[in-house]
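Model the structure of this input:
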Amino acid sequence: MRLVKVDEKYEEQHKKLVNEFEKRGEVVTPNTLNLNGRTYKQYVQHIRDREIGINQEVNIVKATLLYLIVDGEIVGATDIRYELNEYLQKLGHIGYGIKPTKRGNGYGNKILELALETIKSGKIVIKEKNVLVTCNVENKKSEKVIIKNGGKLKDEVEHNGEKRRQYLICIK
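Residues are numbered from 1 along each chain as shown. Okay, the predicted model is just below:
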């Protein structure tokens, strides 16, 4: 089980991941998995540019998108944002999602654990001593994952009509 960077070799698996969310009528999470009209090759370049902070759209921050690979299959993804702009103050540094058919296997906990390890190791530099991780108040499983990984409740906020709980996790 490991986190890997987005790469052209994962095109078919990426499509399967996104399609599984869509078939269930769920929001694709993290939303940076959406191609937004790009070919997969263009998408990979966009993700690479975003990681180094070039060719950015307005209000987009530097971030790294990583797939969680288990036995050669993408089972989820995490988006690690290097900083928070005003919009992301309600959403946090780390967003993650697990393929619907793979939930209930501990992958949510593992993806957050590995994302935090990536930050703590210095592979991704976050200036703050705490990272902000959030979840919808109704998503009790995600809330448990965040708390298990050291999350301390900071606040409850509204975002796009949904109540979200904000948690801080110490990384330094």
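
Count the residues that sit near Ile74.
Per other C-beta atoms under 10 Å, the neighbour tally for Ile74 reads 20. Backbone N, C-alpha and C define where each C-beta goes, glycine included.

Which residue, other than its chain neighbours, is closest to Lys41?
Nearest non-adjacent residue to Lys41, counting by C-beta to C-beta, 6 or more residues apart in numbering: Glu8, 6.1 Å away.

Contact partners for the one you found?
Tyr40, Lys41, Val44 (C-beta atoms under 8 Å, 6 or more residues apart in numbering).

Can you report phi and psi for it?
phi -60, psi -30 (degrees, to the nearest 10).

Same check on Tyr67?
phi -90, psi 140.

give the contact list for it.
Leu3, Val4, Lys5, Val6, Tyr10, Gln13, His14, Ile74, Gly76, Ala77.

Please identify which of these is nearest to Glu57.
Nearest to Glu57 among the contacts of Tyr67: Val6, at 17.1 Å, using C-beta to C-beta.

is it true that that closest one touches His46?
No - at 9.4 Å, Val6 does not count as touching His46 under the criterion of C-beta atoms under 8 Å.

In contact with Glu26, which residues?
Each residue near Glu26 by C-beta under 8 Å, 6+ apart is listed here: Pro100.

Which parts of this structure are strands?
2-5, 63-70, 73-81, 94-98, 130-136, 152-159, 162-170 (DSSP state E).
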